[in-house]
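**Student:** From the sequence below, what's the structure:
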Amino acid sequence: MMAVTSSCKEGNKIQMDNGKYVRYTPEQVEALERLYHECPKPSSVRRQQLIRECPILSNIEPKQIKVWFQNRRCREKQRKEASRLQAVNRKLTAMNKLLMEENDRLQKQVSQLVYENSYFRQHTQNATLATTDTSCESVVTSGQHHLTPQHPPRDASPAGLLSIAEETLTEFLSKATGTAVEWVQMPGMKPGPDSIGIVAISHGCPGVAARACGLVGLDPTRVAEILKDRPSWFRDCRAVDVINVLSTGNGGTIELLYMQLYAPTTLAPARDFWLLRYTSILEDGSLVVCERSLNNTQNGPTMPPAANFVRAEMLPSGYLIRPCEGSGSIIHIVDHMDLEPWSVPEVLRPLYESSTLLAQKTTMAALRHLRQISQEISQPNVTGWGRRPAALRALSLKLSKGFNEAVNGFTDEGWSMLESDGADDVTLLVNSSPNKMMGINISYSNGFPSMGNAVLCAKASMLLQNVPPAILLRFLREHRSEWADSGIDAYSAAAVKAGPCSLPVSRVGSFGGQVILPLAHTIEHEEFMEVIKLENMGHYGEDMIMPSDIFFLQLCSGVDENAVGSCAELIFAPIDASFSDDAPIIPSGFCIIPLDSGMDASSPNPTLDLASTLEVGAARNRATGDHSGRCGSTKSVMTIAFQFVYEIHLQENVANMARQYVRSIIASVQRVALALSPSSFGSQAGFWTPPGTPEAQTLARWICQSYRCYLGVELLKHEGSESILKMLWHHTDAVLCCSLKALPVFTFANQAGLDMLETTLVALQDISLEKIFDENGRKALFAEFPQVMQQGFMCLQGGICLSSMGRPVSYERAVAWKVVNDEENAHCICFMFINWSFV
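**Tutor:** Below is the predicted model of the structure:
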C-alpha cells in the first residue's frame, strides 16, 4: 500500500513505494496553491474533478492531494496562530512596560503621601485647637481665591508664548508620568491585553481630570494627527479653529486655538476655550502634544467672550506618544478641565464635576477611536451594506452632530425660538437658513421632490430617578411602539423619501412592528449603528402615497449597565431609498446622562462578560448590592429632541403637533421609567424578562438535566466552581431552545447559537424554527418531531440550515430533546447543532 506523509513540514513531498521522496514540481505546487485559494477544503468529488481538469496533477493520486490540502491547512493555521501570538506578545510586552511605569509612579505617590502625612501630623500637633467663625471665613475666602487665581497677566508675545508652552509641557508630563495629580483606577476598568488600557480619574484636585495609557497599532505621527482633529472623535466638540501658528526654534509648533463644546442638555449653556497647543519631540523620540487655556495674557491675541457660551478652562493636558517596539505606539492621555459648574443649576453640577464622565466622554473616546482606526487599517473590509468603515463612521458622526446641533440651537446656525404656549416644558426652534436646507431640498431620481423648506425642532429635558440609563434606553430601542406615533414617523419619512424603498435588507429582529437590521459596531460594542424598518405603515396624506415600509438610520450607545458613568444615546433619522453617504440627515432622539455625584468615589466594580450578565441571580445581587449606590438613588437627566421638516406656511400646525408629540413622549418615558425603577421590582431591580420566562440559570439547569435523562450522558463536563449557565453559554456547539407552540419560535441560544443564526438575544424570539430550515429540512424535521415528544429526543443527520441573514449553514449532525421543568412538565425543545460552519 502506498504511504503518504502527514507532517506539515513535508507537505510538498510524495512518498513512493520504494521509500524515496519525490518533490512536487513548482508547476504542481502553483496549481495546488491556486486551487487552495479557491477552495481550502475540497470534497473527495471535488478532488477527483481537480485531477481531471488539471492535467499537470494527473500523476498524483486523490489520497495524496487530500494529504497536501490537509498539510496546507495545517501550515495556514500555524501561520495565523503564530501571527496572533506575536501580536498578543507585543501587547503584553507593552502592557507590562506600562504597568511597571505605573507601579513606579504609584511608589513615588505613596512616598509623597507618607511625607505629607507626617508633615500634617506635626503641623496639627503644633497648631492650636481653637476654632472661630473668622477661621471658617478665611477657609471660604481662600477657596474662592483658589478657584479664581489672581495671577498677573502673562506675556503673550512669541517669546512669552514659548515660555508658557514649555511650562505647559512640564506640567503635563508631571501629570502623565509623575505625581502631580493623585490618580485612582477608573471603576470597572481592568488592565489587560484585550482591554482599552489603564484608565484613572483624579482624586482631590481642582476641576475634573482623567488619564489613560494604552497601546494602539498606529505610528506616533498618525496618532498625533488623529488626536489633533478633535471634532472627528470627540462627539461633544462642535468646532476647533486654528487662529495662529508659530514655529519654535527647537522644531516644535505653537498653535492658538478657539474650541467650542456642545452643551449636553437644554438646561445648560455650551462651553468654549481659548487655548495654546504645543507640539514637540522629546530627547527620547517621544512625540508630545500639550494644551492649556490662555485666559490671562497680554501683548498677544485674545478671544473675546462669545454669546451663549461660558468660557471654561483647560488646565495642562495633552498626549504623550512613544513609539512601541515592533510597531504601534504607547500613548498617555491626560484631560484636565475646569468646566465652571457654577454656571448651571445645582442639580446639573455633577455633569461638570465628574471625572468619571470626563473619562468616558473624552479620554476613553480618544483611545477607542484610535483602536477603531487601527483595526480598520489592518482589516480593510467592506462591512454593512457595502460600505467601508470610514463611511459608516462618518454617518454616525453626522447623526451625533445633527442631534447636538438641535439640542443647542445656536443662532449662528440659523435657529430662532418660537413663542411658548404658556408652558415652558417644551422649547420650539425653527431653522430655514440656506445652509440647513441645502441637504434637504433635493429631487429624487423618480421625479418626486422632497417636501419642506424649513426645519422645526421640539426639545425638552427631564430629570429621572431610580432607573439606570442603559435599561431605559434598551426599552426605548426595543419597544418603539410604546412611545412613538406611527403617523408622525410616516410624516418624518416623507421629508426624505417619496419613492419605493429598495434597500437590500434581511430580517434579523423585530420588536412590536419594527425590524432591526444591524449595520456596524465598534470594537468593544459600546456603540452600534442599525437600520430600523417599520413595516406596513400604510399611506400618509391625501395626495401622496407613501411606501408601506419606512426606514430609519439609528445610532445606539451606552446600553451596557455595568459601564460606570457612561451616557446612553438613541439617535435616529429617516433615510430615503438610496441611503447614500450624502443623503439628508435630520436626526432626533434621546440622550440620558447619569447625575450621580458620588460616582467618582464609588468602589471599583469588575467588568463582567455577557455570560455573567445572563446569570439572573447574579444580576439581582448586583442590582441590590454593587449597584445599590447607583440604582437605589440614581439620578439622570434625559434630553429629548425631535426635528420635523415642513412647509413654511404650515409652521403653526406643525408647531402644535410637535409640542403635543414631545409632551406625549415625556409622559410615556415617565410611565416606562416608573415601571423599570427598582421599587417596582423589589429585589429584581433593573432586570426585565418576558412573562413566563424562567431565569436563565434555571433554564440552563433544566437543559442539562433533560439531556442527561433522555440521552444518558452529560451535556457539560462540569469542573470547578464555574456556573452551568456560563459553561453552556461558551459551549462550542450551537444550543438553541424553541417554544412549544403551533409556530415554534426560539427563546434562548448560547453564543455559538447566536453566531450561527447571526442575531442577538433580544432579536432571537422573532425567529421561528421553520425559518432556519429549507424545504427538505422542514419535511425531515416535522416527520421526526413527534418522536421528541414521545421518547424525549431525536437525532438528525447532517444538512443545511439558514441564518437569519439568509446565509446557508452546514452542520455535521443535530440532536433535539425535550426540556422538562422541575414538575416534569415539558417547557421547550432544545436543539444542538454539532460542528456547524457557514457554507
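**Student:** Show me the shaky parts of the stretch 201-350 of the chain.
**Tutor:** Along the stretch 201-350 of the chain, segments meeting pLDDT under 70 span 297-300.
**Student:** Run through the stretch 701-839 of the chain and note the low-pLDDT ranges.
**Tutor:** The low-confidence ranges in the stretch 701-839 of the chain, as defined by pLDDT under 70, are 718-721, 762.
**Student:** in it, which spans are strands?
**Tutor:** Assigned strands in the stretch 701-839 of the chain, in chain order: 734-738, 746-749, 793-802, 808-820, 826-834, 837-838 (criterion: DSSP state E, counting those that start in this stretch).
**Student:** Now those in a markdown table, please, with extra columns for distance to residue 229 and mean neighbour count.
**Tutor:** Backbone N, C-alpha and C define where each C-beta goes, glycine included. Shown next, in a markdown table, are the strands of the stretch 701-839 of the chain (distance: least, CB to CB, whole Å; neighbours: other CB atoms under 10 Å):
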| stretch | distance to residue 229 | mean neighbour count |
| --- | --- | --- |
| strand 734-738 | 43 | 24 |
| strand 746-749 | 41 | 23 |
| strand 793-802 | 43 | 16 |
| strand 808-820 | 42 | 18 |
| strand 826-834 | 46 | 21 |
| strand 837-838 | 38 | 10 |
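**Student:** Now render those as a markdown table, adding distance to residue 170.
**Tutor:** Output for the strands of the stretch 701-839 of the chain, formatted as a markdown table (distance: least, CB to CB, whole Å):
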| stretch | distance to residue 170 |
| --- | --- |
| strand 734-738 | 58 |
| strand 746-749 | 56 |
| strand 793-802 | 63 |
| strand 808-820 | 60 |
| strand 826-834 | 62 |
| strand 837-838 | 56 |
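**Student:** do you know which of these lies nearest residue 76?
**Tutor:** Across these, residue 76 has its closest neighbour in strand 837-838 (15.9 Å, CB to CB).
**Student:** contact partners of the closest one?
**Tutor:** The contact list for strand 837-838 (CB atoms under 8 Å, 6 or more residues apart in numbering) reads 803, 807-811.
**Student:** circling back: looking at the strands of the stretch 701-839 of the chain, which is nearest to residue 124?
**Tutor:** Per CB to CB, nearest to residue 124 of these: strand 746-749, 61.6 Å.
**Student:** Please name the strands paired to that closest one in the sheet, noting orientation.
**Tutor:** Looking at strand 746-749 with DSSP bridges, its partner strands are strand 734-738 (antiparallel).
**Student:** how distant is the strand it pairs with from the center of its chain?
**Tutor:** 27 Å (CA atoms, centre = their mean, to the nearest Å).
**Student:** Going forward, count from 42.
**Tutor:** Yep, numbering from 42; the last one is strand 775-779 now.
**Student:** Restricting to C-alpha, output stretch 499-511 in PDB.
**Tutor:** Output of stretch 499-511 as PDB, limited to C-alpha atoms (Å, rounded to 0.1, in the frame of the first residue of the first chain):
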ATOM      1  CA  ALA A 499     -39.000  70.400  19.600                       C
ATOM      2  CA  LYS A 500     -36.800  69.700  22.600                       C
ATOM      3  CA  ALA A 501     -37.000  69.200  26.300                       C
ATOM      4  CA  SER A 502     -35.000  67.900  29.300                       C
ATOM      5  CA  MET A 503     -36.300  65.900  32.200                       C
ATOM      6  CA  LEU A 504     -34.900  64.500  35.400                       C
ATOM      7  CA  LEU A 505     -35.200  60.800  36.100                       C
ATOM      8  CA  GLN A 506     -34.900  59.000  39.400                       C
ATOM      9  CA  ASN A 507     -34.100  55.300  40.200                       C
ATOM     10  CA  VAL A 508     -33.900  54.000  36.700                       C
ATOM     11  CA  PRO A 509     -30.500  53.000  35.100                       C
ATOM     12  CA  PRO A 510     -30.000  54.900  31.800                       C
ATOM     13  CA  ALA A 511     -28.900  51.700  30.000                       C
END
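**Student:** Pull out the buried positions in the host helix or strand of residue 683.
**Tutor:** If you go by DSSP states H and E, residue 683 is part of strand 676-687. Buried residues in strand 676-687, counted by 16 or more other CB atoms under 10 Å: 676-687.
**Student:** Now do that strand, average pLDDT.
**Tutor:** The predicted model gives strand 676-687 an average pLDDT of 93.
**Student:** Quick check: neighbours of that strand in the sheet, parallel or antiparallel?
**Tutor:** Strand pairing for strand 676-687, using DSSP bridges, gives strand 495-506 (antiparallel), strand 629-635 (antiparallel).
**Student:** after that strand comes which helix or strand?
**Tutor:** Using DSSP H and E, the first helix or strand after strand 676-687 is helix 692-717.
**Student:** and the angle from that next one to strand 676-687?
**Tutor:** For helix 692-717 against strand 676-687, the angle by axes from the mean of the first three to the mean of the last three CA atoms, to 10 degrees is 150 degrees.
**Student:** Determine the set of other helices and strands touching helix 692-717.
**Tutor:** Under the contact criterion of 3 or more CB pairs under 8 Å, 6 or more residues apart in numbering; DSSP states H and E, helix 692-717 touches strand 468-472, strand 495-506, helix 510-519, strand 676-687.
**Student:** biggest helix in the chain, by residue count?
**Tutor:** With secondary structure taken from DSSP state H, the chain has its longest helix at helix 103-167.
**Student:** Now do that one: which elements does it pack against?
**Tutor:** When contacts are defined as 3+ CB pairs under 8 Å, 6+ apart, helix 103-167 packs onto helix 67-79, helix 85-94, strand 239-243, strand 249-257, strand 370-379.
**Student:** Please tabulate those in a markdown table, including the columns distance to residue 508.
**Tutor:** Putting the helices and strands packed on helix 103-167 into a markdown table (distance: least, CB to CB, whole Å) gives the following:
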| stretch | distance to residue 508 |
| --- | --- |
| helix 67-79 | 54 |
| helix 85-94 | 58 |
| strand 239-243 | 25 |
| strand 249-257 | 25 |
| strand 370-379 | 29 |
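**Student:** who wins for proximity to residue 293 among the ones you listed?
**Tutor:** Using CB to CB, the nearest of the helices and strands packed on helix 103-167 to residue 293 is strand 370-379, at 18.2 Å.
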